[in-house]
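In: Sharing a model prediction with you, sequence too.
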Amino acid sequence: MNSDIIKSKIRDCTITFKELDEFFGDASIDRSDLIIELLNESLINKNGVAIDNLIYAAYKNGVNESYIEVLCKLTEVRDEWLYKHEDIATLLEKIKSPVSIPYLYRLADNFETSDIHSIPLKAMWALRAIGNLEAEESLSKLCQSSDERKAKIAKQQLEYLQKSKEST
């Protein structure tokens with residue numbers, strides 16, 4: 001299947017996971033430009049289903065620094081049509097770019113902890129994975145949260161980060 005057909009199927013939300021696997025599953029063929037182009041387009045068009053498919057495609061194809069801008073933009077969306085914040089945080093964790101720290105902090109701070117959603121947890125894992133001073137400071141601020149579960153998770157992430165630094 002060629003990229004024009006893939007684009008069309010993603011845009012109109014008719015693509016299957018099998019088709020996504022077949023087109024994006026070979027990580028030796030970098031399709032990040034296409035995925036990023038379609039993520040930006042889907043953000044403008046508020047197409048949450050397409051974003052869901054494209055995040056899956058990014059997992060399959062592999063992410064890199066070139067994704068930072070669009071993923072950070074997506075973290076800022078608080079509308080119901082976008083429901084992939086956990087997966088976005090996980091992709092940012094894989095990239096480990098300091099550029100994403102303020103966005104990850106806002107994800108952790110602005111979303112409530114719950115048994116259903118783990119957006120704050122995934123954002124804090126990503127901050128821990130980045131592990132620089134700014135990430136530590138963000139986790140320290142989250143330790144002061146009035147949400148006791150969020151504060152506890154932030155403290156655990158800071159402790160884990162400090163232990164890993166001591167062991168190196």
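Out: Everything's here; your move.

In: The helix of greatest length in the chain: which residues count as buried?
Out: In the chain, ranked by residue count with DSSP state H as the criterion, the top helix is helix 148-166. Residues of helix 148-166 classed as buried: 150, 153-154, 157-158, 161 (neighbour count, 16 or more other CB atoms under 10 Å). Backbone N, C-alpha and C define where each C-beta goes, glycine included.

In: Quick check: the two most widely separated of those residues?
Out: K150 and L161 (16.4 Å; CB to CB).

In: Ramachandran angles for the residue minimising distance to the centre of the chain?
Out: Nearest to the mean C-alpha position of the chain, by CA atoms, centre = their mean, lies I88 at 1.7 Å. With angles defined as degrees, to the nearest 10, I88 shows backbone torsions of phi -60, psi -40.

In: In this structure it contacts L74, no?
Out: Yes: if you go by CB atoms under 8 Å, I88 and L74 touch, sitting 5.2 Å apart.

In: Tabulate the buried residues of helix 148-166 in TSV, adding columns for pLDDT and distance to R128.
Out: Converted to TSV, these look like this (pLDDT from 0 to 100; distance: CB to CB, whole Å):
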residue	pLDDT	distance to R128
K150	95	14
I153	95	10
A154	96	9
Q157	96	4
L158	96	8
L161	91	5
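
In: Would you reformat those as a markdown table and include distance to I10?
Out: As requested, the buried residues of helix 148-166 are exported to a markdown table (distance: CB to CB, whole Å):
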| residue | distance to I10 |
| --- | --- |
| K150 | 35 |
| I153 | 34 |
| A154 | 36 |
| Q157 | 35 |
| L158 | 39 |
| L161 | 37 |
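
In: and of these, the nearest to I119?
Out: Out of the buried residues of helix 148-166, the member with the shortest distance to I119 (by CB to CB) is K150, at 10.4 Å.

In: ok, the closest one - contacts?
Out: Residues near K150 by CB atoms under 8 Å, 6 or more residues apart in numbering: 108, 112-113, 120, 142.

In: What of I119?
Out: 85-86, 89, 107-108, 111.

In: Tell me the span between the first and last residue of stretch 129-136.
Out: 10 Å (CA to CA, to the nearest Å).
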